[in-house]
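**Student:** Structure for this input, please:
(chains A and B)
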Amino acid sequence: MKPVVVENLTVAYQKKPVLSNVSFAVPEGQLIGIIGPNGAGKSTLIKAILGLIPKAAGAVKIYEKKYRAKDRVVGYVPQRGSVDWDFPTNALDVVLMGRYGHIGWFKRPGKKDIAIALECLRKVGMEEFAGRQISQLSGGQQQRVFLARALAQDAKVYFMDEPFVGVDAATERAIIELLNELKRQGKTVLVVHHDLQTVKEYFDHVILLNVNTIAAGATEKVFTLENLHRTYGGKLSFLEKDQLVVEQK
Amino acid sequence: MNDLLKMIMFDANTQWVLLGTVLLGVASGVLGSIALLRKQSLIGDAVAHAALPGICMAFLLTGEKSLLVLLLGATITGLLAAYCIQYIISSSIIKEDAAICLVLSVFFGFGIVLLTRVAQSSSGNKSGLNDFIFGQAASLVGNDVKLMAGAAAVLIFVTALIFKELKVLTFDPAFAKGLGLPTGFLNFLFLSLLVAAVVIGIQAVGVILMAALLITPAIAARYWTNSLSKMIVISGIFGAVSGMSGTFLSTLGQGLPTGPFIVVTATALFLISMLFAPERGLVTKWIKRMVNNKQLRNNKLLHSEKRSGYHEL
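**Tutor:** Here you go, the predicted model:
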């Protein structure tokens, strides 16, 4: 069973589509990078799959079923900048939000949920910050809290929107280790990614996106200079040097 | 003063009025905290002002001053104003602040026009609708105040019931949707609770200052804690204290409005919080920094630190 199948997905805010006829199927238990230039529709793709923004056309199937948030199959890590970190709460509380779907309406998180949340914080190396006010966390720590919250959801498919942006090398390592841990557990993880240099190292599969799907498949087959040229178009002159490094690897 | 104490101890209506304003203070403190974090405080202000034309229309249509009917009118125009704001934001290039301004002034202006019309009519000049501008808790009687107290209690209960859902919706709406929460319904529900709190507070606090009872206890409470549940409780207490003392002070003399006294009390609580709250208070922070700097200068804290030396670049 394919965890994620997208068929002819089209999204338009105005006349010009942001995503046009995007189609791909994702294999289970793999790390998948979504790569493309700014404005290619990478975040839009995730949001459209999750039903956060309306689709103009096309279909999305999660494990061969229409996506329903309450099935709790999908975990989501939004961009860190999408929330107000001055909100009065601590790291543990944010991670506990990942349990809300399991807890159900009207009830409060129990001991079991708190234990799970603490365990998720431990997995991202943040257990000592459980009681820390979230505004006092560094950017990288905030990102790890978001990851821990997604872990607490205990989903089968994860969507992460640029988790590596603005984090230091140590946090990047911690995140990539966590992704590999998720992969070992048989989870499927789709990650919007920007740094072309690390694509080959981090991801088994890539989806090259620029309004259309330019290419999708195993990284070693698809992540070629030619495909990148097609994805990035004229902007690639900037990237040429980086690409050579990629090619040499 | 003795008379006042006697009134509080023996007069059933005064007790009800006190209970009513206390519950109203709690409800607006609680909902105001969430509105503040959702950056919707000003929507409360617009809703309060927009209640005035509803009250006047209800009076003009029925010709009698029954609080239930008047508040029904207030609810209708209040909700209408809230949805006008949401609609303008979502369907035009007008931003939230301008949309709120626009809706508030249009509805309030219309309300004043209607109020003038009411005052000119033969039955209208004794109607006491003017009390709705600045609030007159003392004019609350009998079943009206029981209605207000009951409604406030329901608001507090509902908010407590869906606290967890409101919390995740406020912090991260996209994630809340990803959890499968009906975010559209919850937004609607919260807005309705906010409108209800405003409407039941109008008689006691008045349309002009009702927003202060939503905003001021909440921002004061934010200084004392970094936990949402504690902030809501503290804000509720501040709201209750403001409501109670406002009612007290306005009963001291004939015809003193309640709203301004409630606001003055709430603002005093806010100033104390801003200056002296532990950790976040301005004075507290200043003293802490002075003590810390002094210790640093005396090298007590730097004693064990490695010196970095002088680097010429």
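**Student:** CA only for contacts and neighbour counts going forward, please
**Tutor:** OK.
**Student:** Show residues contacting stretch B:245-252.
**Tutor:** For stretch B:245-252, the external contacting residues (CA atoms under 8 Å, 6 or more residues apart in numbering or on different chains) are B:4, B:17-18, B:21, B:137-138, B:256-263, B:265.
**Student:** For A:Gly75, see how far away the residue nearest to B:Trp16 when sequence neighbours are not counted is.
**Tutor:** In this structure, B:Trp16 finds its nearest non-sequential neighbour in B:Val145, 6.5 Å apart by CA to CA, 6 or more residues apart in numbering or on different chains. Taking CA to CA, to the nearest Å as the measure, B:Val145 falls 48 Å from A:Gly75.
**Student:** likewise B:Gly309?
**Tutor:** For B:Gly309 relative to A:Gly75 (CA to CA), the value is 49 Å.
**Student:** Look up phi and psi at A:Leu209.
**Tutor:** phi -120, psi 130 (degrees, to the nearest 10).
**Student:** what pLDDT does it get?
**Tutor:** Per-residue confidence (pLDDT) for A:Leu209: 92.
**Student:** so where does A:Gly58 fall, helix or strand?
**Tutor:** strand A:57-62 (DSSP states H and E).
**Student:** Quick one: mean pLDDT over that strand.
**Tutor:** Here the average pLDDT along strand A:57-62 is 91.
**Student:** Show me which residues of that strand are buried.
**Tutor:** Buried positions in strand A:57-62, judged by neighbour count with 16 or more other CA atoms under 10 Å in any protein chain shown: A:59-62.
**Student:** okay, B:Gly309 and A:Gly75: which has more neighbours?
**Tutor:** Taking neighbours as other CA atoms under 10 Å in any protein chain shown, B:Gly309 and A:Gly75 compare with A:Gly75 leading, 26 against 6.
**Student:** In a strand, that one, correct?
**Tutor:** Yes - counting by DSSP: H, G, I helix; E, B strand; the rest coil, A:Gly75 is part of a strand.
**Student:** That one reaches B:Gly180, doesn't it?
**Tutor:** No - assessed by CA atoms under 8 Å, A:Gly75 is found out of contact with B:Gly180, at 11.0 Å.
**Student:** List phi and psi for the residue nearest the centre of chain A.
**Tutor:** Nearest to the mean C-alpha position of chain A, counting by CA atoms, centre = their mean, stands A:Met160 at 1.3 Å. Per-residue torsions, A:Met160: phi -120, psi 130 (degrees, to the nearest 10).
**Student:** residues contacting it?
**Tutor:** Residues near A:Met160 by CA under 8 Å, 6+ apart: A:76-79, A:189-192.
**Student:** quick one: which of the residues you listed is nearest B:Asp172?
**Tutor:** A:Pro78 (9.0 Å; CA to CA).
**Student:** give me the number of residues near B:Ala174?
**Tutor:** Counted with other CA under 10 Å, B:Ala174 comes out at 22.
**Student:** now do A:Gly139
**Tutor:** By other CA under 10 Å, the residues close to A:Gly139 number 17.
**Student:** same deal with the one 5 residues further on?
**Tutor:** Applying other CA under 10 Å, we find 29 residues neighbouring A:Arg144.
**Student:** So it: helix, strand or coil?
**Tutor:** helix.
**Student:** you'd agree it is up against A:Glu127?
**Tutor:** No - checked against CA under 8 Å, the pair A:Arg144 and A:Glu127 is beyond contact range at 10.7 Å.
**Student:** helix or strand right after the top helix by length along chain A?
**Tutor:** Among the segments of chain A that qualify as a helix by DSSP state H, the longest is helix A:169-184. Counting by DSSP H and E, the next helix or strand C-terminal to helix A:169-184 is strand A:188-193.
**Student:** just to revisit the earlier point, quick one: the residue nearest to the centre of chain A and A:Phe106, what's the gap?
**Tutor:** 29 Å.
**Student:** B:Ser227 now?
**Tutor:** Distance from B:Ser227 to A:Phe106, by CA to CA: 19 Å.
**Student:** and stretch A:37-46, average pLDDT?
**Tutor:** Averaged across stretch A:37-46, the pLDDT comes to 90.
**Student:** sorry, that was for stretch B:219-226
**Tutor:** 95.
**Student:** what about that stretch, how long is it end to end?
**Tutor:** Span of stretch B:219-226 from end to end, CA to CA: 12 Å.
**Student:** roughly how far out does it sit from the chain middle?
**Tutor:** 15 Å (CA atoms, centre = their mean, to the nearest Å).
**Student:** contacts for that stretch?
**Tutor:** Against stretch B:219-226 from outside (CA under 8 Å, 6+ apart): A:88-90, A:133, B:33, B:36, B:231-232, B:234-235, B:238, B:269-271, B:273-274, B:277-281.
**Student:** Just the buried residues of the residues you listed.
**Tutor:** A:88-90, A:133, B:33, B:36, B:231-232, B:234-235, B:238, B:269-270, B:273-274, B:277, B:280-281.
**Student:** Extract the CA atoms of the longest helix of chain A and return them as CSV.
**Tutor:** C-alpha atoms of helix A:169-184 as CSV (Å, rounded to 0.1, in the frame of the first residue of the first chain):
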residue,chain,number,x,y,z
ALA,A,169,24.8,22.1,12.9
ALA,A,170,24.1,20.2,16.2
THR,A,171,20.3,20.5,15.8
GLU,A,172,20.5,19.6,12.1
ARG,A,173,22.3,16.4,13.1
ALA,A,174,19.7,15.7,15.8
ILE,A,175,16.9,16.1,13.3
ILE,A,176,18.5,13.9,10.7
GLU,A,177,19.1,11.2,13.4
LEU,A,178,15.5,11.4,14.3
LEU,A,179,14.4,11.1,10.7
ASN,A,180,16.5,7.9,10.4
GLU,A,181,14.9,6.6,13.6
LEU,A,182,11.5,7.2,12.1
LYS,A,183,12.5,5.4,9.0
ARG,A,184,13.7,2.4,11.0
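**Student:** Return the set of buried residues in that helix.
**Tutor:** Using 16+ other CA under 10 Å as the test for burial, helix A:169-184 gives A:171-172, A:175-176, A:178-180, A:182-183.
**Student:** Then stretch A:205-219?
**Tutor:** A:205-217, A:219.
**Student:** Looking at the contacts of stretch B:219-226, which are in helices?
**Tutor:** Those of the contacts of stretch B:219-226 lying in helices (DSSP H): B:33, B:36, B:231-232, B:234-235, B:238, B:269-271, B:273-274.
**Student:** would a markdown table of those residues with distance to chain A be doable?
**Tutor:** Formatted as a markdown table, the ones in helices among the contacts of stretch B:219-226 follow (distance: CA to the nearest CA, whole Å):
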| residue | distance to chain A |
| --- | --- |
| B:Ser33 | 11 |
| B:Leu36 | 10 |
| B:Met231 | 8 |
| B:Ile232 | 10 |
| B:Ile234 | 13 |
| B:Ser235 | 13 |
| B:Phe238 | 18 |
| B:Leu269 | 20 |
| B:Phe270 | 18 |
| B:Leu271 | 20 |
| B:Ser273 | 16 |
| B:Met274 | 16 |
